[in-house]
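Novice: Sequence and computational prediction follow.
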Amino acid sequence: MALTKAHNRMIEGSVVNVLDFGATGNGTTDDTAAIQAAINSLSSTGGKVHVPVGVYLISSPIELSTGSASRSIILYGDGTGQVNNVTNSATVISNSANTNCIVIRGLGGDGVRDLSIIDSFSGTRTTGNGIHVNRAGTPNGNSTFEVSNVHVADHYNGFYMARPVLSLLSNCIARGNLNHGYFFDTDVSGSGTSVQFSSCWAQGSGVDGYNIDGSQYILFNNCAVDNSGRYGYHVDNSGGVNPNGVTFIGCGAEGNTDDNYNIQDMSALSIIGGSSVTSSADGIHLVNVNGGFIAGTKLSSNTGYGLNIDNTCTNITSVSPNFISNTAGEINDTGNKHVGINSADAGVISTSGTVANPAYTFGADPDTGLYLLADGTIGITVAGTRKYRINASALSPSDSKAADIGSSTYPFQNGYIYEFIQGEEISEPAAGPANTGRLFYKDNGSGKTQLCVRFATGATQVLATEP
């Protein structure tokens, strides 16, 4: 008696294999119907679809789901190989149509893993995203998904996401896509929230590597972008929703045609660590950003400024950025919107500006601030008038109770001395104004130090001579 071959799909809840539905993976046979049939065979709660090593030609979009919040479908392969370098160790989806490749429409946590998507369309591509996330028929609907270890090359957008929530993209590559590598889209009726990009890379995008249009609580962790046709990372509200709470940790950007980071019309921005180098414009350019924090970021060899802060920004702080040879200058802050702590090669607060007009300021008065001059002098200016100037070069680090409280040019006023006064021998000072006396030390001509006081009349009284 002949036996019937059993397939995994006969077992409820097991992984289905596209080969069991007629897919070939030979790179020339149209496998669209077979892959879709494998997906459609899953139960109402979803399941996993395995796409083994091979090249799977498709001619229309592969739809993971129909918008159900309870149906979760995972489409996974056996590895990515190299984008546009197909090997026998990769699962490759070859998109021969001028349309989207893999479409996710659910809220149940659909996912795509461990495969590459390449372009085999014979004409000039004008549309079609590698991964397209958008809930059909629900303009206000959000989508929840996970995409991991997926490479997309030469599509319109590599990864397109409309209003994603609680979603993750990890270890993904977008290379040579015509518009954006990653496009986080929104509109006036909704926005995405709580999405993480982890160890993703955008290379050679036609416009932006990452375009984040309206968002809340978005994290970029250890991501990279280079050689984009416009910006590396671009965040704005062109869809009508102001972004809020976007954080970059340990991310890199280099060689982009415009700004490496172009951040607009948002609040609560953080850029921590990483580097922004060799852009043809600014390393970081902020426009109408309310509340920005930049810490420990390398800003080097950009044609524009290392950090360019527009007059429309408020409450921008940088801590220990590493500025190196930015052509236009290290920081541009014409609106005095920025407080810099240990900026560039300074040791305390800010590094540029004049005595009367420090570039980095505190408070509402743009001429009020604490600044550091090139000679190591710390100054405090209030309303455009220099109030205090302290030169720390005479401070003795070996004596814990020594304190340099001024200089001969800018003496202290109403000062308090802790435990003792220490001074150095000087030439006899000029007499002060009426009703004053000037206490000083001088050499008596025989190598002995004398403590003296000179009165307004010009008379000098020796108070004590070194024994």
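Specialist: Here it is on my side, so go on.

Novice: how far away is the residue nearest to A90 when sequence neighbours are not counted from S96?
Specialist: Excluding the flanking residues, the one nearest A90 by Cβ to Cβ, 6 or more residues apart in numbering is G81, at 2.7 Å. Every C-beta, even on glycine, is put in place using the N, C-alpha and C of the backbone. According to Cβ to Cβ, to the nearest Å, G81 stands 19 Å off from S96.

Novice: out of these two, which sits in the more crowded spot?
Specialist: The neighbour comparison of G81 against S96 (other Cβ atoms under 10 Å) goes to G81, with 20 against 16.

Novice: so how far is L168 from the more buried one?
Specialist: 22 Å.

Novice: Next: W201.
Specialist: 16 Å.

Novice: what do you get for V147?
Specialist: 7 Å.

Novice: who's more crowded, these two?
Specialist: V147 (25 against 19).

Novice: give the contact list for the most centrally placed residue in the chain.
Specialist: The centre of the chain sits closest to F248, judged by Cα atoms, centre = their mean, with a distance of 3.6 Å. Neighbouring residues of F248 by Cβ atoms under 8 Å, 6 or more residues apart in numbering: F220, C223, Y233, Y261, S270, I271, I272, G274.

Novice: Tell me who's in contact with the first one.
Specialist: If I follow you right, that is F220. F220 sits next to Q196, F197, C200, Y210, Y233, V246, T247, F248, I249, C251 when contact means Cβ under 8 Å, 6+ apart.

Novice: what do you get for the fifth one?
Specialist: Taking Cβ under 8 Å, 6+ apart as the criterion, S270 is in contact with V246, T247, F248, I249, G292, F293, I294, A295.

Novice: and what of the second one?
Specialist: Under the criterion of Cβ under 8 Å, 6+ apart, the neighbours of C223 are F197, S198, S199, C200, W201, Y210, F248, C251, G252.

Novice: so what pLDDT did it get?
Specialist: pLDDT, C223: 98.

Novice: Can you check the contacts of S270 and name whichever has the most neighbours?
Specialist: Greatest neighbour count in these, by other Cβ under 10 Å, goes to F248: 29 neighbours.

Novice: so what's L286 bridging to?
Specialist: Under DSSP bridges, the beta-bridge partners of L286 are I263, I309.

Novice: Please tell me how far it sits from G158.
Specialist: Using Cβ to Cβ, L286 is found at 26 Å from G158.

Novice: Which of these two has more residues huddled nearby?
Specialist: Comparing L286 with G158 by other Cβ under 10 Å, the one with more neighbours is G158, at 32 against 26.

Novice: With adjacent residues omitted, what lies nearest to that one?
Specialist: Excluding the flanking residues, the one nearest G158 by Cβ to Cβ, 6+ apart is A174, at 3.0 Å.

Novice: for G229, same thing?
Specialist: Using Cβ to Cβ, 6+ apart, the closest residue to G229 is G206 (4.7 Å).

Novice: what about that neighbour, how many neighbours?
Specialist: Count around G206 with other Cβ under 10 Å applied: 15.

Novice: Which residues are in contact with it?
Specialist: Counted by Cβ under 8 Å, 6+ apart, G206 has contacts N177, L178, N179, H180, S228, G229.

Novice: Inside strands: which ones of the contacts of C223?
Specialist: Those of the contacts of C223 mapping onto strands are F197, S198, W201, Y210, F248, G252, per DSSP state E.

Novice: What is the nearest of the residues you listed to I421?
Specialist: F248 (51.0 Å; Cβ to Cβ).

Novice: and the closest one, how far is that from Y210?
Specialist: For F248, the distance to Y210 - Cβ to Cβ - is 10 Å.

Novice: Equivalent analysis for Y56, please.
Specialist: Y56 sits 28 Å away from Y210, going by Cβ to Cβ.

Novice: who's more crowded, these two?
Specialist: Legend: neighbour count by other Cβ under 10 Å for Y56 and Y210, higher for Y210 (29 against 26).

Novice: if I look at that one, how far off is P243?
Specialist: 12 Å.

Novice: same check, this time on D282
Specialist: 19 Å.

Novice: can you check G109 too?
Specialist: 24 Å.

Novice: So between those two, which is more surrounded?
Specialist: P243 (28 against 19).

Novice: The nearest residue to that one once chain neighbours are set aside - how many residues pack around it?
Specialist: Closest residue in space to P243, ignoring its immediate chain neighbours: M266 at 3.9 Å, by Cβ to Cβ, 6+ apart. Around M266 sit 26 other residues, with neighbours defined as other Cβ under 10 Å.

Novice: In three-state terms, label M266 for me.
Specialist: Three-state call for M266 (DSSP: H, G, I helix; E, B strand; the rest coil): strand.

Novice: bridging residues for L439?
Specialist: Beta bridges link L439 to V453 when assigned by DSSP bridges.

Novice: right, and it touches V453 too?
Specialist: Yes. L439 is within contact range of V453, at 5.2 Å (criterion: Cβ atoms under 8 Å).

Novice: what ranges do the helices span in the stretch 1-150 of the chain?
Specialist: Assigned by DSSP state H, counting those that start in this stretch, the stretch 1-150 of the chain shows helices spanning 32-40.
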